[in-house]
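Chemist: Model the following, please.
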Amino acid sequence: MKHLKIKSLLVLSMMSTTVWAQQPITVYNELPNPKTATAEWQSVQNNVISWGSTDVRYKKEAPFSGSVVTAITQTAWRGERISQQLVVSAATPIYQLRIELSDLQSSKGSTISTQKALKGFVRYVMTDGLNKDGQGGCGVRPDHSIYDSSLVADPIDHLNNTIAVKPKTTQAAWIGIDVPQNAQPGLYTATATVSDGNTILKRLMLRINVIKRTLPTADNQMFHLDLWQNPFAIARYHGVEPWSDAHLEAMKPYIQLYRQAGGRSITCSIMHRPWNGQTFDPFRTMITWTKKVDGTWSFDFTVFDKCVEFMRSEGIKGNIYCYSMIPWELTFRYFDQASDEFKYLNMEPGNEMYTKVWGTLLKDFAAHLKAKGWFDCTYLSMDERELDMMKKTIALIRTADPDFKISLAGSLKNGISSELSDFCVALRDKYTEEMKRKRKAQGKLTTYYTCCSEAYPNTFTFSPPAEAEFLGWYAAKDKLDGYLRWSIWSWVENPLQDSRFSNWAAGDTYMIYPGARSSIRFERLKAGIQAYEKVRLLREEFKNSPAKLKKINQILSAFDEHRIPKESAAKIVNKARTEINKL
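Modeler: Sure thing, here's the model as predicted:
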């Protein structure tokens with residue numbers, strides 16, 4: 001990809017009257033000058049309107065290519081979300097592009113309402129690419145000019161019903177339909193009407209073949225989805241005081257997006273800046289540490305309680321992950337009563353001060369959690385920490401309260417798996433079959449994660465969309481409990497304009513956008529979770545049928561990350577989806 005110099009950008013302002021998106025929000029769209037349109041565009045004499053593919057991030061500056069598709073059929077389980085892209089390439093101006101979707105009707109008289117379907121125009125953000133060696137996206141990136149940069153389709157703007165499309169540009173729209181769990185099986189048909197204001201430009205047909213099998217609701221999925229939340233990013237972006245009523249109100253729609261994907265885990269920071277400010281908005285502590293005048297220590301759990309109680313009131317009632325006893329910088333902030341100011345302690349696992357302070361905190365924390373009824377679902381959590389430090393920290397935890405649960409997201413470390421109630425390793429690491437069986441028998445969570453290290457598959461803003469869906473299929477193939485990604489909304493400075501960051505590849509720090517806008521990659525991640533649930537249910541259904549189980553394993557064998565990019569994730573995913581739906 002050649003370096004692209006962006007000469008002009010059109011900033012479109014968007015306003016929402018809802019309390020959680022009152023501030024003007026801007027997004028970038030690159031609109032080529034019709035006078036300098038490419039020969040490719042010059043051959044486009046009429047507006048092209050067609051069903052597209054959810055595997056493609058359609059370019060604003062390029063016309064739709066391939067055959068025009070006016071009718072498309074998808075297969076769905078009851079309870080499944082079906083997604084589809086619609087693409088408009090404008091030869092002439094479209095002043096008020098509008099897309100309306102009728103309800104789905106079956107020949108037997110059944111109806112599936114599309115009133116609450118996700119319908120949004122696909123927007124654009126700046127992105128970059130992998131490191132020059134193509135091996136991943138890790139590392140500091142203070143100078144974006146040395147990386148290939150371009151505009152890429154990703155945010156799904158459900159807040160605007162119409163959009164202007166200039167000539168010689170392309171505009172995609174995303175449609176996501178939730179098939180009810182109680183839908184009658186059969187072939188359903190809906191019409192997508194594409195208009196410019198009151199003038200109908202085209203009608204497209206969407207058919208969904210609903211089969212008898214049923215997926216669970218998001219709240220009842222077995223897939224363990226852990227996307228780390230950063231409430232301080234929401235406070236900064238919306239200009240509200242952290243943990244004020246306005247902050248909690250602003251958080252609600254984002255939490256619901258997470259919940260609708262199956263997220264039930266709560267991320268809590270129990271010391272200041274556990275990741276040394278690796279995000280644009282650092283994580284602040286939810287527990288106030290105080291060294292009193294007499295030299296003893298006290299801990300205030302007020303903010304921690306407020307966070308957990310709020311998240312649980314919004315339906316996020318799963319595990320509480322508390323970061324971190326071993327931060328990336330072994331520096332701990334506390335309030336010193338004697339000097340009436342904040343100070344810092346440098347200490348590490350195993351030394352006297354660390355043992356004293358953390359020993360006191362853990363005992364107080366255990367008592368507090370038990371009083372609140374949260375002890376059994378709370379995990380003392382570390383990520384990517386050295387084995388020696390982990391062993392010393394675990395020993396201290398067991399001294400404070402032997403029943404504390406411990407989680408680690410990091411490399412595969414032989415010898416401490418038995419201590420970890422939740423173990424999450426990088427995609428490149430592979431559990432032994434014996435370890436997975438043993439952990440399952442003990443009722444322990446065994447998951448995996450991707451971060452900036454994985455070139456493929458991943459969820460960067462430049463990653464092919466199908467790679468996000470690949471992640472759920474991979475968990476099914478390896479018989480893991482789920483997936484972790486280190487951030488769902490740790491936004492960069494201007495997340496609706498530029499997904500690039502001073503560290504790591506673009507999009508690594510967030511998956512959903514301000515205004516509770518979903519994204520192409522987030523929708524595809526949810527599709528992968530649905531695939532995982534299908535596989536889980538089919539394995540149970542066919543547990544006494546070796547031939548069927550063998551077929552499932554054959555389908556899943558394609559989900560080997562080393563096949564990408566020589567073979568596209570889209571090809572692997574689409575083939576597997578077709579075959580699974582036939583079982």
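
Chemist: what are the pairing partners of the longest strand belonging to the chain, and which direction each?
Modeler: Longest strand in the chain by number of residues (criterion: DSSP state E): strand 199-214. For strand 199-214, the paired strands and their directions (DSSP bridges) are strand 71-78 (parallel), strand 186-196 (antiparallel).

Chemist: Could you pull out the helices in the stretch 301-450 of the chain for me?
Modeler: 302-313, 352-372, 387-400, 433-441 (DSSP state H, counting those that start in this stretch).

Chemist: roughly how far out does the first one sit from the chain middle?
Modeler: Going by C-alpha atoms, centre = their mean, to the nearest Å, the spacing between the C-alpha centre of helix 302-313 and its chain's C-alpha centre is 22 Å.

Chemist: If you count neighbours, what's buried in that helix?
Modeler: Val303, Phe304, Cys307, Val308, Phe310, Met311, Arg312 (16 or more other C-beta atoms under 10 Å). C-betas here are computed from N, CA, C, even on glycine.

Chemist: Lys392 touches Thr355, doesn't it?
Modeler: No - with contacts counted by C-beta atoms under 8 Å, Lys392 stays clear of Thr355, the gap being 9.0 Å.

Chemist: Indicate which one of the strands paired with strand 199-214 is closest to Ser421.
Modeler: strand 71-78 (31.8 Å; C-beta to C-beta).

Chemist: Next, the buried residues of that closest one.
Modeler: Neighbour-count burial for strand 71-78 [16+ other C-beta under 10 Å]: Ile72, Gln74, Thr75, Ala76, Trp77, Arg78.

Chemist: Over to stretch 129-140?
Modeler: Buried, per 16+ other C-beta under 10 Å, within stretch 129-140: Gly129, Leu130, Asn131, Gly136, Gly137, Cys138.

Chemist: that's a helix at the last one, yeah?
Modeler: No - in this structure, Cys138 is coil, not part of a helix, as judged by DSSP: H, G, I helix; E, B strand; the rest coil.

Chemist: thought it was touching Asn131?
Modeler: Yes - if you go by C-beta under 8 Å, Cys138 and Asn131 touch, sitting 7.2 Å apart.

Chemist: where do the contact lists of those two overlap?
Modeler: Contact criterion C-beta atoms under 8 Å, 6 or more residues apart in numbering; residues shared by Cys138 and Asn131: Ala505.

Chemist: so what pLDDT did the residue lying farthest from the centre of the chain get?
Modeler: In the chain, Asp294 marks the outermost C-alpha relative to the chain mean, sitting 46.2 Å out by C-alpha atoms, centre = their mean. pLDDT for Asp294: 97.

Chemist: Check the one 4 residues further on too.
Modeler: Ser298 carries a pLDDT score of 98 in this model.

Chemist: Check the spacing between it and Pro282 real quick.
Modeler: 24 Å (C-beta to C-beta, to the nearest Å).

Chemist: Those two - which one has more neighbours?
Modeler: Pro282 (17 against 14; other C-beta atoms under 10 Å).

Chemist: so the more buried one sits right up against Phe232, yeah?
Modeler: Yes - counting by C-beta under 8 Å, Phe232 is a contact partner of Pro282 at 6.9 Å.

Chemist: Can you give me the buried ones in stretch 551-570?
Modeler: Buried, per 16+ other C-beta under 10 Å, within stretch 551-570: Lys551, Ile552, Ile555, Leu556, Ala558, Phe559, Glu561, Arg563, Ile564, Ser568, Ala569, Ala570.
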